[in-house]
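Colleague: Need a 3D model of the following:
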Amino acid sequence: MFTIDIDTGGTFTDGFFTREGELKTAKVLTTPHDLTVCLADCIKEGAKLFGVSVTGMLANTDVVRYSTTTGVNALITRRGSKIGLIVSKGFKDSLYAAEPKEAEPVFTLIPKDLIAEVDESIDDTGKIATPLDRDEVLSSMQRLIDMGARAITVSLRNSHINPVHEKKFKNTVKEQYPNFYLGSVRVFLASEMSDQPGDFYRTNTVVVNGYIHDVLVKYLYKAEDDLRANFCAHPLMVAHSHGGVARVAKTRAIDTYSSGPAMGVIGAGSLGKMYGFSKVITVDIGGTSLDLGLIRDGVYSTSSNPLIGGFPVNVPMITTYSAPIASGSIARLDGSKNLRVGPQSAGARPGPACFDLGGMEPTVTDADVILGFIDPHYFLGGRIKLNKAKAEAVMKTRIADRLGVSVSEAAWMVREEMGKMTSREILRFADSHGLKAADLSNFAVVVYGGAGPTHYADFVRDLRFGHSLATPYASVFSAFGSSTTDVLHSYSKFAPIELRRGDKYFSDYKSFNAIISSLRESAKRDIRGEGFSPDHAGYSLELMGGGALKRVKISIEKLFLDSEEDVKEICAKFAAEGSISISAIALNARVPMPHLTAKTFKMAGRDPRKAMKNSRQVFWSSASGYQDTPVFELELLVPGNVVMGPAIVDAKDTTYVVPAGMSLHMDKYSNAVMMKE
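Modeller: Next up, the predicted model:
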């Protein structure tokens, strides 16, 4: 049986396929006009690698997992749906922010004339202070619909305590616009997105979700229909940024945000466990962005209030940091003739000039082709032929001639600037997590993305990481990370409960256990909806809370409380003095999915000459210029082989660059380890 994992990025769509322990990888160009096309292209390429038909593969597939940047792109490019927003009276200008200016960015998604107020209120204890009027609901909703809103988002004050008014609003709208009418109106409630405190955060959350919903729902359902039409018996499983997957019907649009980078971090975490590394920094260099992640003490860095497109929301996510530096980044000169790389990207179409699809600006990829790091005749294993002359032409007119240098020197400057910018972003990211440059020696770095192996020597050389790894599937690593995930649903409940006051411990176990039972029933319902048995699920709890001055999140294995000893054990985890309370309870339900089992290989000798395929001219520095450089084939290198720099290692979907003073070692897992000599 097969497993299929696919990640769609801004430039390439990557596939990771397994069959009974055998794995294949595929990479195709992303098709921005219709992302179901590149998804189908990637599956077609995977089937070809196994020598089977698409229908033959899909009919014998256990799971198809998919991560995408569609939501990210819709938000960044402001191409989401036209939506309306309903808020409590008096909050149209601030949207519940402490300072009006803090909420201004959300007005770039919803203009003020598409925001309406309703006269209702729920007090801080959850009691109805001002009832919601049905006629006002209908008039406010109708005005927004008449102005062109295709969906309504609702965020009323204190709905996390009592969502009764939000639910009443939704029911009233559905009565007026039932689902069987073509003009039915989608309604998204803030209380359905999050039950955590913070009206401002919940408002941002429901607005972002509503804004990107339509873009995703049409595309993902069509993708699932296409799979079924080709005899796939299982639903499409969509990657979520919290670290699991779920079927399309159980996925909210906001759950998919940055799911690709999150899958990469998860993949790095599985590698870290394999090697015994508890501290890992992940560096993903793709075609559009540089994405960084952190694993500390074996735990992913997560946030309960992450930024999504600049909007703070309150849905938990694996945190990643993105910078507009990648292989597709456009190189240009500013008014003072200073070289700049990015933030603009050539994307997939037209792409870099060497793609020969109409790109007229020099990019990092063009520089790599000019310098000889990328073989224009072996890009994606030779499936795409790159036009080196086009790359040289745009580099000459846009950079070289204006600086009075040769084309190769201009290309080298672009590559060097890319390396410096990557190092700076890694240091900035580390600093944001309280880490200094010297601390990196305690961390392993896992490098991936289509351009990761091509450029990681540039920053590994400058930064002193303890270990540096790049797998043979580094180019499709987020898809690999997806292959290590399970079905995962998370449920939370705002539940302020005091656990300890002085020396007295909480004893109302019944109310605590009732909340857990309710959350678990929701999980069982959704797991059955996925087509799985709830009996196969594992459950874990996370509690938000702590002492008066410190709010933290802890994990506990036991679901229900039976005694004071259970409460004491929880309090000890918070490690706080005095009174201890929790503010929220979260239940995670996980259903195991098929995973690839790591293999170890017998170590051969160090000599890599059997993997050498030819040599080519590579520009290693302005001082040395082009040098005839040995080129090895990654697929022919075996564990134990050591490639000494300067050398190039070609793979069918990326290029490993090994400069002088460094070496590439193939270890027992067939992973590439970069070392300084």
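Colleague: lowest-confidence helix or strand of this structure?
Modeller: Using mean pLDDT, DSSP states H and E, the weakest-scoring helix or strand in the chain turns out to be strand 550-556, at a mean of 73.
Colleague: Tell me which helix or strand comes right after it.
Modeller: For strand 550-556, the succeeding helix or strand toward the C-terminus, using DSSP states H and E, is helix 564-574.
Colleague: Check the offset of the helix or strand just after that next one from the chain's centre.
Modeller: The helix or strand immediately downstream of helix 564-574 is strand 580-591, counting by DSSP H and E. For strand 580-591, the distance from its own C-alpha centre to the chain's C-alpha centre is 23 Å (C-alpha atoms, centre = their mean, to the nearest Å).
Colleague: Tell me which other helices or strands strand 580-591 touches.
Modeller: If you count contacts as 3 or more C-beta pairs under 8 Å, 6 or more residues apart in numbering; DSSP states H and E, strand 580-591 packs onto strand 487-501, helix 509-530, strand 538-547. C-beta coordinates here come from the backbone N, C-alpha and C atoms, glycine included.
Colleague: Just say helix, strand or coil for G264.
Modeller: Applying DSSP: H, G, I helix; E, B strand; the rest coil to G264 yields a three-state assignment of helix.
Colleague: Is it in contact with G293, as I believe?
Modeller: Yes: proximity of G264 to G293 meets the contact threshold set by C-beta atoms under 8 Å, at 6.8 Å.
Colleague: With neighbour numbers in mind, choose between these two.
Modeller: Neighbours per residue, other C-beta atoms under 10 Å: of G264 and G293, the larger number sits with G264, 32 against 24.
Colleague: Enumerate every residue touching the more buried one.
Modeller: Residues near G264 by C-beta atoms under 8 Å, 6 or more residues apart in numbering: T282, D284, D291, G293, T320, Y448, G449, F477, S478, G481.
Colleague: what's the answer for D7, then?
Modeller: Contacts of D7 (C-beta under 8 Å, 6+ apart): T13, D14, Y66, S67, T68, A239, G260, M263, V476, S478, A479, S482.
Colleague: Can you pick out the ones from those that are in helices?
Modeller: Among the contacts of D7, the residues falling in helices (DSSP state H) are G260, M263, S478, A479, S482.
Colleague: Make TSV out of these and add pLDDT and neighbour count.
Modeller: Listed next are the ones in helices among the contacts of D7 as TSV, based on pLDDT from 0 to 100; neighbours: other C-beta atoms under 10 Å:
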residue	pLDDT	neighbour count
G260	89	30
M263	93	31
S478	92	31
A479	94	32
S482	93	32
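Colleague: From A400, how far off is E530?
Modeller: 56 Å (C-beta to C-beta, to the nearest Å).
Colleague: same question but for N641, I mixed them up
Modeller: Distance, N641 to A400, using C-beta to C-beta: 38 Å.
Colleague: neighbour count winner among those two?
Modeller: Taking neighbours as other C-beta under 10 Å, N641 and A400 compare with N641 leading, 24 against 21.
Colleague: Now for the more buried one: which residues touch it?
Modeller: A604, G605, R606, D607, P608, A611, H665, M666.
Colleague: Quick one, which of those residues are buried?
Modeller: Buried by 16 or more other C-beta atoms under 10 Å: P608, A611, H665, M666, out of these.
Colleague: Assess the claim that the last one and M674 are in contact.
Modeller: Going back to what we said before, that points to M666. No: here M666 does not reach M674: they are 11.3 Å apart, not a contact under C-beta under 8 Å.
Colleague: pretty sure S615 is in a strand, no?
Modeller: Yes: according to three-state DSSP, S615 belongs to a strand.
Colleague: what sits against it?
Modeller: S615 is in contact with D628, T629, P630, V631, counting by C-beta under 8 Å, 6+ apart.
Colleague: Just the closest of those to H489, please.
Modeller: Closest approach to H489 among these (C-beta to C-beta): V631, at 47.8 Å.
Colleague: if I look at M612, how far off is F632?
Modeller: According to C-beta to C-beta, M612 and F632 sit 5 Å apart.
Colleague: Look at the two and report which has more neighbours.
Modeller: F632 (24 against 17).
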